[in-house]
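# Please work out how this folds:
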Amino acid sequence: MNYLVRACAPAFAGGWVESLTSHLSWRGAAWGVGLFLLTFSASLAVTAWILVKLPANYFSASHKFEFFAGRAPAVRVAGLIGKNLLGGVLFVLGVIMSLPGVPGQGILTILLGLMLMDIPGKHKLERKIISRPRVRDTINRIRARFHKPPLELD
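Alright, predicted model coming up:
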């Protein structure tokens with residue numbers, strides 16, 4: 001214990017801890033906690049909604065889907081660009097949420113981001129993620145709550 005006190009003494013003596021905490025207030029902390037709860041709840045709700053809306057055979061090899069098929073070319077291109085941008089944002093947020101100490105459904109958000117993006121090898125990576133028992137069981141539990149069939153894997 002004495003070693004720990006001696007190791008930390010220069011930091012406390014320098015006053016940097018006080019300078020970091022001098023501008024904190026209860027009101028600021030309450031706003032931070034409120035923002036955390038709001039974004040965490042929104043993340044869970046959006047993730048669950050998307051997972052429930054997926055067709056049960058989405059991860060099977062027989063599932064083929066063309067985004068905005070039959071639409072005007074301009075609408076199709078705009079939709080593809082928007083879908084890929086949203087997928088990239090979700091992927092990056094998922095990676096951040098996978099870090100220790102950051103709240104959120106990291107792996108599921110990464111999976112949702114991958115599902116939205118059009119990149120080579122995405123189906124192989126999606127199947128690798130979904131084949132993890134904990135991930136698949138979590139998704140199937142969410143789907144069962146909303147009376148949806150479990151996901152089918154080949």
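
# Low-confidence stretches in the protein?
For the chain, applying pLDDT under 70 flags the ranges 1-23, 63-68, 103-104.

# Spatially central residue in it, please.
Thr109 (2.5 Å; Cα atoms, centre = their mean).

# Enumerate every residue touching Val95.
Gly106, Ile110 (Cβ atoms under 8 Å, 6 or more residues apart in numbering). The C-beta positions use only the backbone N, C-alpha and C, and glycine is treated the same way.

# His147 versus that one, what's the distance?
For Val95, the distance to His147 under the criterion Cβ to Cβ, to the nearest Å works out to 32 Å.

# With Trp31 instead?
Between Trp31 and His147 the computed distance is 38 Å (Cβ to Cβ).

# If you count surrounding residues, which of those two has more?
Trp31 (11 against 7; other Cβ atoms under 10 Å).

# Next SSE downstream of the helix or strand hosting the more buried one?
Here Trp31, judged by DSSP states H and E, is contained in helix 26-53. Elements were assigned by DSSP H and E; along the chain past helix 26-53, the next helix or strand is helix 73-97.
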